[in-house]
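Student: please find the sequence and the predicted model below.
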Amino acid sequence: GAVESLLFSSAIEETELDDAPVFILGHPRTGTTMLHMLMSLDDEFSFCNTFCAGFPSCFLWFEAIGRVLFSCMLGRTRP
């Protein structure tokens with residue numbers, strides 16, 4: 001989004017992305033959330049948390065505010 005470009009453009013440009021990303025795909029109730037949670041505990045992996053997936057165009061600046069506003073809907077244990 002525009003706000004993220006203004007506030008975080010240099011940090012975004014300096015971020016290095018891995019050439020071989022890992023995507024977790026699967027049908028509901030097959031363990032994909034558990035695998036996601038386990039992999040999020042490993043410092044070797046970066047991950048998209050629930051808030052980032054729900055607000056992809058504004059999570060860098062809005063996450064702290066949004067976590068307070070939507071605390072009743074976002075679980076504490078889910079990455």
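Tutor: Looks like it arrived, so ask away. Note that the structure is a prediction, hence the values are computed from the model and not measured.

Student: so, low pLDDT: which residues of the chain?
Tutor: Filtered on pLDDT under 70, the chain yields the residue ranges 74-75, 77-79.

Student: 90 instead?
Tutor: 1-5, 8, 12, 15-19, 33, 44-79 (pLDDT under 90).

Student: any idea how far L6 is from the residue nearest the centre of the chain?
Tutor: What sits nearest the mean C-alpha location of the chain, by CA atoms, centre = their mean, is C48, with 2.4 Å. C48 sits 22 Å away from L6, going by CB to CB, to the nearest Å. All C-beta atoms are positioned from the backbone trio N, CA, C, and that covers glycine.

Student: equivalent analysis for M73, please.
Tutor: Taken as CB to CB, the span from M73 to L6 is 28 Å.

Student: repeat that for R29.
Tutor: The value you get for R29 to L6, if CB to CB is used, is 41 Å.

Student: check T50 too.
Tutor: Distance, T50 to L6, using CB to CB: 25 Å.

Student: same question for E44.
Tutor: From E44 to L6 the distance is 31 Å (CB to CB).

Student: distance-wise, check the nearest residue to G1 once chain neighbours are set aside relative to F23.
Tutor: Sequence neighbours aside, S57 is the residue nearest to G1 in space, at 4.0 Å (criterion: CB to CB, 6 or more residues apart in numbering). Counting by CB to CB, the gap from S57 to F23 is 20 Å.

Student: more crowded one of the two?
Tutor: S57 (10 against 4; other CB atoms under 10 Å).

Student: isn't that one up against S5?
Tutor: No. Judged on CB atoms under 8 Å, S57 makes no contact with S5 at a distance of 10.3 Å.

Student: what about I24, distance to T50?
Tutor: I24 is 14 Å from T50, by CB to CB.

Student: for F70, that is, sorry about that
Tutor: Distance from F70 to T50, by CB to CB: 10 Å.

Student: any idea whether W61 is helix, strand or coil?
Tutor: Following DSSP: H, G, I helix; E, B strand; the rest coil, the label given to W61 is helix.

Student: okay then, goodbye and thanks.
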